[in-house]
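Engineer: Take this sequence and fold it.
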Amino acid sequence: MFHRMFGKNHLDDEFLHDVVDACKNWFTEEGCFGTTSQITGGGAIAAAEDMFSVRHNGRPALLTPSATYGMYSVLKALGIHEGSRVCCPVLDWPATYAAVKELGAQPILVPVDKETLTIDPEALKAIELEKVSAVIVSHIHGVVGDVEKIRKVVGTDMPIIEDCAQSLFSMLDGKCAGTFGDAAVFSFGPNKTIDIGEGGMVLTKDFELYEKVLRETAHAERQQISGVGSEINFANF
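Structural biologist: Predicted structure coming up:
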C-alpha cells in the first residue's frame, strides 16, 4: 500500500509499516482497555498510561497533547497564577519558561551545577524562597538532577516539578526520573527517547494532584468517567 501511495523509497515507508504492525498486534491483545478515544481516555490511551504508571512506581499517569501543555497544566493545577514566581534552571528548553509565562508567572532563573548541568541546590539558598511558589528541575541530556538535595533546601511544602523531556527511564540511586518530585512531565516529541512526533505524559505523586491535572486537560466525559466528583471542568470539550 505504501509503495503505491508514496513510492518505493519514501522516507516514511519503514515508519508506516511499523505503525501497521503495531496496530495488528494491538488488535490481537486481550483486555485492550476498550475503544481508543481521547474523549474517554480509553483503549490505547489507557494502556499507555497504565504501562507508564507501572514503570514509575505506580504514580498516576496522564497523556497530554504535548509536554509544554503538560507543564502548563501541572503548574495551573498547583495554583501557579499571575504574579507567582517559579524557580527554573538557567539551562533548559525555552518551552518550560513559556509555560510559566503563559500563566502570567515569573521564571526565576537558577544557576546549574557545572558537572551535571542540572539545577544547583546550593544556588537556591541565595533566592528568597518564601516568595517562590514552585521549583522546576530539568533532568537535561538524560542526567537526573538531585531532587532530594533540592528538597532539603526548599522544604517539604514547596512543589517540585521534574522536567523529564530528555530523561525517560534515566536513573539516580536506583530510582527513575519522574518519581522524586510532586509531578513530572515527559516528552514524546522529535528526537526524544520515544519519538511519536508529538505528545507528552504527566506523572503525579498522588491522585489528588492527578485529578486536578485531569480537570485541566481532559474532556468533561473523561472527568466524569474518572470519578472526579462535582468539580468537573466543563470548559474541556
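Engineer: in the chain, which spans are helices?
Structural biologist: Applying DSSP state H to the chain gives helices spanning 2-6, 13-28, 44-55, 67-77, 94-102, 121-124, 147-154, 207-217, 220-226.
Engineer: T35: which of these is closest?
Structural biologist: For these, the distance to T35 is smallest for helix 44-55, at 9.5 Å, taking CB to CB. From N, CA and C alone the C-beta is placed, and that goes for glycine too.
Engineer: residue ranges with poor pLDDT in this structure?
Structural biologist: 1-8, 29-32, 229-230, 235-237 (pLDDT under 70).
Engineer: Go ahead and flag the most central residue of it.
Structural biologist: Taking CA atoms, centre = their mean, the centroid of the chain lies closest to V185, which sits 1.8 Å from it.
Engineer: Excluding chain neighbours, what is closest to that residue?
Structural biologist: Residue nearest to V185 in three dimensions, not counting chain neighbours: G70, with 4.4 Å by CB to CB, 6 or more residues apart in numbering.
Engineer: Run a quick neighbour tally on that neighbour.
Structural biologist: G70 has 30 neighbours, counted by other CB atoms under 10 Å.
Engineer: Does it touch A184 like I think?
Structural biologist: No - counting by CB atoms under 8 Å, G70 does not reach A184; the two are 9.1 Å apart.
Engineer: between the helices of the chain, which one is nearest to E130?
Structural biologist: E130 sits nearest to helix 147-154 of all the helices of the chain, at 10.4 Å, using CB to CB.
Engineer: Please save the CA atoms from that closest one in PDB.
Structural biologist: C-alpha atoms of helix 147-154 as PDB (Å, rounded to 0.1, in the frame of the first residue of the first chain):
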ATOM      1  CA  VAL A 147      15.800  16.500  43.700                       C
ATOM      2  CA  GLU A 148      16.400  15.100  47.200                       C
ATOM      3  CA  LYS A 149      19.100  17.700  47.900                       C
ATOM      4  CA  ILE A 150      16.900  20.400  46.400                       C
ATOM      5  CA  ARG A 151      14.000  19.200  48.700                       C
ATOM      6  CA  LYS A 152      16.200  19.700  51.700                       C
ATOM      7  CA  VAL A 153      16.900  23.300  50.600                       C
ATOM      8  CA  VAL A 154      13.300  24.300  49.700                       C
END
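Engineer: Report the distance from it to the chain centre.
Structural biologist: 20 Å (CA atoms, centre = their mean, to the nearest Å).
Engineer: Let me know the distance separating the residue nearest to E122 when sequence neighbours are not counted from L129.
Structural biologist: Distances taken as CB to CB, 6+ apart put V153 closest to E122, at 7.9 Å, once the chain neighbours are dropped. Separation of V153 from L129 (CB to CB, to the nearest Å) stands at 8 Å.
Engineer: All set now, cheers.
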